[in-house]
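**Q** Predicted structure and sequence below. I'll ask about it afterward.
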Number of protein chains: 2
Amino acid sequence: MADTPEAMIVEHVLDAISDQRLRAGTKLGEQMLSDLFACNRANVRRALATLSAYQVVDLIPKRGAFVATPSEKEARDVFQARRALETTIIRNVIRQADDADIAALRAHLKTEHAVRQLQDRPKAIRASRTFHMLLARIGRNSVLEKYLSELTMRTSLIIGLYGPTHASLCADDEHARIVDSIIARDEARAQKMVEAHLRHIEDEIDFTQENTRLGPLSDILRPAAG
Amino acid sequence: MADTPEAMIVEHVLDAISDQRLRAGTKLGEQMLSDLFACNRANVRRALATLSAYQVVDLIPKRGAFVATPSEKEARDVFQARRALETTIIRNVIRQADDADIAALRAHLKTEHAVRQLQDRPKAIRASRTFHMLLARIGRNSVLEKYLSELTMRTSLIIGLYGPTHASLCADDEHARIVDSIIARDEARAQKMVEAHLRHIEDEIDFTQENTRLGPLSDILRPAAG
DNA sequence: TCTCTTATTATTGTTAACAATTTATGTTAT
DNA sequence: ATAACATAAATTGTTAACAATAATAAGAGA
């Protein structure tokens, strides 16, 4: 936990994005961040550069840093990439998961189900994401894990932007059935289910209208007077 | 070209890595870079943060920035990730490639073949990488394209570290045959060939001994006296 | 009341100096 | 000659002040 201030900022922003406390378009002012994390602006700027490399923050010259607002095309690309990564991940999981991993999966299903009852949307979103990241960790491919981490963040932004208010959480039973096929070591079925699951999420999204009251980025997009 | 100095540094370092002018472990001093690109150290530091986010540079506190030296495990993860991404990419290519794209592919094959005759290894490596990135561009998924870009960089580092001296370039005819199956719109065959192609590259690598005379990172790894 | 202009404020970008730490150099002793 | 130690140089990390630009507020005129 005694990490560098820079890593702290990155981590906190990613966390906030992943459970939708930070919405697309929100401005991330340098002073605000340096105050919040008790560090100088140099650290803030490097953190923002890192977040920009992760593609969850847009850096606009002379204007500042803003939480990214993915377009529909970008969103669809993200989902296709997730299908590519997660089908490979699930294959790794089935081949490599040991008893401890299976236990972890079962435990997660329980907590995820419990959280869902609480009607606490941010918590539910986070739990849902955790499931996918747990699979990635069990898959033991750090490259896929890292990339999926980024893509789940961006998925959070996408759902926050275009998603319906109450749905768009991964269906509880779909996760459970994926775990079932993992336990059964049924590779083909597990891959199909993961792919279908991701498609369901994508299908629930309505790109025809983005959820308004988005952050100050809408201001940014109008051409500056002059 | 009139980009920010920071973007310039990132681009140049990535270029140098991708055609193996920069080897794994090489130290990237801040002063050296700020002199070279005629900018202040603040810019250099942000560029290094970005490169570190791309996983092609390791940032070691109080010690500096070094070109990353992928382990065998990391290398294998990179190759598996490439298979996942590139099989999806090739599917996109087959579904979306228009005449201009096909022409571009044919043109590339020609230049790649010509370059190969010159016995100019860096140029050949670059041409080889360009083929894969051309496919990614034709696939029209910016997420996959971005990630593949990073992974081809890391592949360059891996081959530079563990690869044989003269081989480990993508086989000329394999590229050509991939293009053939694209033109034939044979999805299954193209996917198989891409996967086999990537496996061939991986198989040529000998992890038992890393190419010595690696950079100063070997010094870094010995525990500091004290 | 609305719009255009002007002045003020806030924010981003740059620079230079300083502190802290590591690396390199050179000396001494075994 | 090698190893340990002390000194000097170079490098990373931090900080504060300054300049340049953009966002905001205020005021004048239609």
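**A** Arrived safely, thanks for sending. Numbers count the residues shown, from 1 in each chain, chains lettered A, B, ... in the order given.
**Q** shouldn't residue A:74 be in contact with residue B:144?
**A** No. With contact defined as CB atoms under 8 Å, residue A:74 does not reach residue B:144; the gap is 11.8 Å. Glycine gets a C-beta too; all of them are placed from N, C-alpha and C.
**Q** Find the closest residue to chain B in chain A.
**A** residue A:53 (3.5 Å; CB to the nearest CB).
**Q** Compare neighbour counts for residue A:74 and residue B:144 and give me the winner.
**A** Comparing residue A:74 with residue B:144 by other CB atoms under 10 Å in any protein chain shown, the one with more neighbours is residue B:144, at 24 against 18.
**Q** Now do the same for the more buried one: its pLDDT.
**A** On pLDDT, residue B:144 comes in at 98.
**Q** Now do the SS call for it.
**A** At residue B:144 the chain is in helix, as set by DSSP: H, G, I helix; E, B strand; the rest coil.
**Q** With residue A:100 instead?
**A** Assigned by three-state DSSP, the conformation of residue A:100 is helix.
**Q** got the contact list for it?
**A** For residue A:100, the contact set (CB atoms under 8 Å, 6 or more residues apart in numbering or on different chains) is empty.
**Q** tally of neighbours for the residue lying closest to residue A:183 once chain neighbours are set aside?
**A** Nearest non-adjacent residue to residue A:183, counting by CB to CB, 6 or more residues apart in numbering or on different chains: residue A:102, 6.2 Å away. By the criterion of other CB under 10 Å, residue A:102 has 15 neighbours.
**Q** For residue A:55, give me its contacts.
**A** Here residue A:55 is in contact with A:68, A:150, A:154, B:146 (criterion: CB under 8 Å, 6+ apart).
**Q** and what of residue A:21?
**A** So residue A:21 contacts residue A:122 (CB under 8 Å, 6+ apart).
**Q** re earlier: residue A:185 is in contact with the residue nearest to residue A:183, correct?
**A** No. Proximity of residue A:102 to residue A:185 does not meet the contact threshold set by CB under 8 Å, at 10.6 Å.
**Q** of the contacts of residue A:55, closest to residue A:62?
**A** Closest approach to residue A:62 among the contacts of residue A:55 (CB to CB): residue A:68, at 18.3 Å.
**Q** Wondering if the longest helix along chain A reaches chain B at all.
**A** Counting residues, the longest helix found in chain A (DSSP state H) is helix A:72-96. Yes. Using CB under 8 Å from any CB of the partner chain, we find that helix A:72-96 touches chain B at A:73, A:74, A:77, A:78, A:80, A:81, A:83, A:84, A:85, A:87, A:88.
**Q** Show the buried residues in those.
**A** A:74, A:77, A:78, A:80, A:81, A:83, A:84, A:85, A:87, A:88 (16 or more other CB atoms under 10 Å in any protein chain shown).
**Q** Specify which member of those is nearest to DNA strand D.
**A** The nearest member of these to DNA strand D, counting by CB to the nearest atom of the strand, is residue A:74 at 22.8 Å.
**Q** On the three-state scheme, residue A:208 is what?
**A** Classified using three-state DSSP, residue A:208 is coil.
**Q** before we move on, what about residue A:21?
**A** Classification of residue A:21 using three-state DSSP returns coil.
**Q** State the phi and psi torsions of the residue nearest to residue A:163 when sequence neighbours are not counted.
**A** Leaving aside its chain neighbours, residue A:163 sits nearest to residue A:205 (5.5 Å; criterion: CB to CB, 6+ apart). The phi/psi pair for residue A:205 (degrees, to the nearest 10) reads phi -80, psi 140.
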